[in-house]
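Undergrad: coordinates only, sequence not included:
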């Protein structure tokens, strides 16, 4: 007698959600339904077309650090549409532009003298006994980086950038942030990263990355297409309202489509939604301690300001980084320089990233005011916009980055232990596990979850815990 496949309801169609749907249906392990609030897949890693240009929600790259099997599968699905492209960014440091990622030839020729001298002095002090090791706050982002990298790099780059991105003083940010978000978080790692010439992922002498021809969202699009072809059902414009739970199981999901409220039950519910919102939407409500923990965990919002200019190129660089605190935006990307696809010769598109909170003044600014803010920022950075601006479009993302405020670990542990008590409820992905991960990490989580489900419909929780332990070693690739 054939075994009835379990029904898995996936919440969210970002890379994690579509990746899980693709794997489960490809392996014929489950009947899959995906609920997605928007009318498209990809989440924050999606793309959209405007005036013949494919824009991303921010700046995205598929890094060569992607799991080899996943990378191979994406290459097979996208074929010639997955391009290997050279990194060609730059960062503004002490009013001087230098390549980013750093290249060894510029360490002497381009770095500001005071900065380079300070870094060398910090490096020497670090190895001398009794010097540079006192009064360090070891349990914070500030303490870890001061101890490992020294005062100059921290105060000239990492600390001002951290204040802009996360909206917190560095000594109020958890040490976990330094481990997860700063890959070169010691002098030895920094030097190794700059001087490394190994690896096959190089183009024109520069580090390289993978990028789809029609925008980064093409990765999620192809996974969605293949999952749907294999039987996965995607229900768009569906906002999850509640997850109904009973004893140790999640029984069904209540969601809204327009003015209509609907519900779906399933054998398993896999969520990639922000874990804090998922907890707060459970019915009956979790214990007060769990609710309070979820309310104490915050996400940083992001405003994406898109400008279409009437010129072929703004600059030759794919991305500009701005650690300066007098320049509000943190990054400016030019999508034409990510892909070599045919795009309008007389137009180019910029995307400026402005981290904020949903209750500050920037979140409430008009599109015109935000465009002026970008123009002022670029003028101050001495790369002014001189071409006519054809169009301004603004996108607002409420859950861009998890904020690792000191003490968040205890809150997350409470949520995690509570959720582990439900035998058929799983959270994963960047939002679901409250992590600063890349897309390739989210895909690895999705593939791992599918691997934990056997052909008899049983989910191996111990195997998933082992994967969870592995996920803790993920470090964001910049």
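TA: Structure received. As the structure is a prediction and not an experimental result, all values here were calculated from the model.

Undergrad: from now on I want contacts and neighbour counts done on CA atoms only, so please keep to that.
TA: Fine.

Undergrad: hmm, residue 319 and residue 332 touching each other?
TA: Yes. The criterion here is CA atoms under 8 Å, and residue 332 meets it with residue 319 at 5.5 Å.

Undergrad: how many neighbouring residues does residue 316 have?
TA: Applying other CA atoms under 10 Å, we find 11 residues neighbouring residue 316.

Undergrad: same question, the one 10 residues further on
TA: For residue 326, the count of nearby residues is 12 (other CA under 10 Å).

Undergrad: for residue 380, see how far away it is.
TA: Separation of residue 326 from residue 380 (CA to CA, to the nearest Å) stands at 9 Å.

Undergrad: then residue 229?
TA: According to CA to CA, residue 229 and residue 380 sit 50 Å apart.

Undergrad: same question for residue 144.
TA: Using CA to CA, residue 144 is found at 32 Å from residue 380.

Undergrad: between these two, who's got more neighbours?
TA: A side-by-side neighbour count of residue 144 and residue 380, using other CA under 10 Å, places residue 144 first with 23 against 13.

Undergrad: give me the neighbour count for residue 431.
TA: Residues within reach of residue 431, counting by other CA under 10 Å, total 26.

Undergrad: what's near enough to touch it?
TA: Neighbour list for residue 431: 272-275, 399, 402 [criterion: CA atoms under 8 Å, 6 or more residues apart in numbering].

Undergrad: could you report the separation of the closest residue to residue 81 other than its chain neighbours from residue 51?
TA: Of all residues not flanking residue 81 in the chain, residue 213 sits nearest, at 4.9 Å (CA to CA, 6 or more residues apart in numbering). Separation of residue 213 from residue 51 (CA to CA) stands at 16 Å.

Undergrad: same question for residue 312.
TA: Per CA to CA, residue 312 is found 13 Å from residue 51.

Undergrad: for residue 145, same thing?
TA: Separation of residue 145 from residue 51 (CA to CA): 43 Å.

Undergrad: who has more neighbours out of the two?
TA: The neighbour count for residue 145 versus residue 51, taken as other CA under 10 Å, is higher for residue 145 (27 against 13).

Undergrad: would you agree the more buried one is in contact with residue 154?
TA: Yes. Counting by CA under 8 Å, residue 145 does reach residue 154; the two are 6.7 Å apart.

Undergrad: least trustworthy helix or strand in this structure by mean pLDDT?
TA: Lowest on mean pLDDT, DSSP states H and E among the helices and strands of the chain sits helix 187-195, with a mean of 54.

Undergrad: so after the top strand by length along the chain, what's the next helix or strand?
TA: In the chain, assigned by DSSP state E, the strand with the most residues is strand 389-402. Counting by DSSP states H and E, the next helix or strand C-terminal to strand 389-402 is helix 408-419.

Undergrad: state the distance from the nearest residue to residue 457 once chain neighbours are set aside to residue 404.
TA: Leaving aside its chain neighbours, residue 457 sits nearest to residue 6 (5.7 Å; criterion: CA to CA, 6+ apart). When distance is defined by CA to CA, residue 6 is 36 Å away from residue 404.
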